[in-house]
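J.: Let me see the structure of the following:
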Amino acid sequence: MSSAISVRLDPEALRALAQLESTGLSRSDAIRKAILDSASRLRRRAVVAAEVAALEADEGDRREMLEVADFMESMRAAG
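T.: Have a look, this model is predicted:
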């Protein structure tokens, strides 16, 4: 199902749209692609944020990370 929408674009958004259209996309395809790409980035960020939160909550992982950091520091050349 398709829905038509209306949007007012500021000069920055118009320049960005022109840049997308310059790749050969139609105006509708450029807008559709921009929306889908933006939503995909938001989903990826949410997934990464959840992974980071899980790692930060994992005491065993945090302990191992500190042990590795201490080991790496002990291996560093003096000076």
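
J.: So, low pLDDT: which residues of the chain?
T.: Along the chain, the parts satisfying pLDDT under 70 run over 79.

J.: Show me what counts as buried in the lengthiest helix in it.
T.: As far as residue count goes, and with DSSP state H defining each element, the longest helix of the chain is helix 27-57. Counting neighbours by 16 or more other C-beta atoms under 10 Å, one finds that the buried residues in helix 27-57 are 30, 31. C-betas here are computed from N, CA, C, even on glycine.

J.: Following element in sequence after that helix, please.
T.: Downstream of helix 27-57, the next assigned helix or strand under DSSP states H and E is helix 59-75.

J.: ok now stretch 38-52, how far from the chain's centre?
T.: Between the centre of stretch 38-52 and the centre of its chain there are 6 Å (C-alpha atoms, centre = their mean, to the nearest Å).

J.: got the CA coordinates for it in CSV?
T.: Extracted as CSV, the C-alpha positions of stretch 38-52 are listed here (Å, rounded to 0.1, in the frame of the first residue of the first chain):
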residue,chain,number,x,y,z
SER,A,38,17.9,6.4,8.0
ALA,A,39,15.7,3.8,9.7
SER,A,40,18.2,1.1,9.0
ARG,A,41,21.0,3.2,10.7
LEU,A,42,18.8,3.8,13.7
ARG,A,43,18.1,0.0,14.0
ARG,A,44,21.9,-0.7,13.7
ARG,A,45,22.6,1.9,16.4
ALA,A,46,20.1,0.3,18.7
VAL,A,47,21.6,-3.1,18.2
VAL,A,48,25.1,-1.8,18.9
ALA,A,49,23.9,0.1,22.0
ALA,A,50,22.2,-3.1,23.3
GLU,A,51,25.4,-5.1,22.7
VAL,A,52,27.5,-2.4,24.5
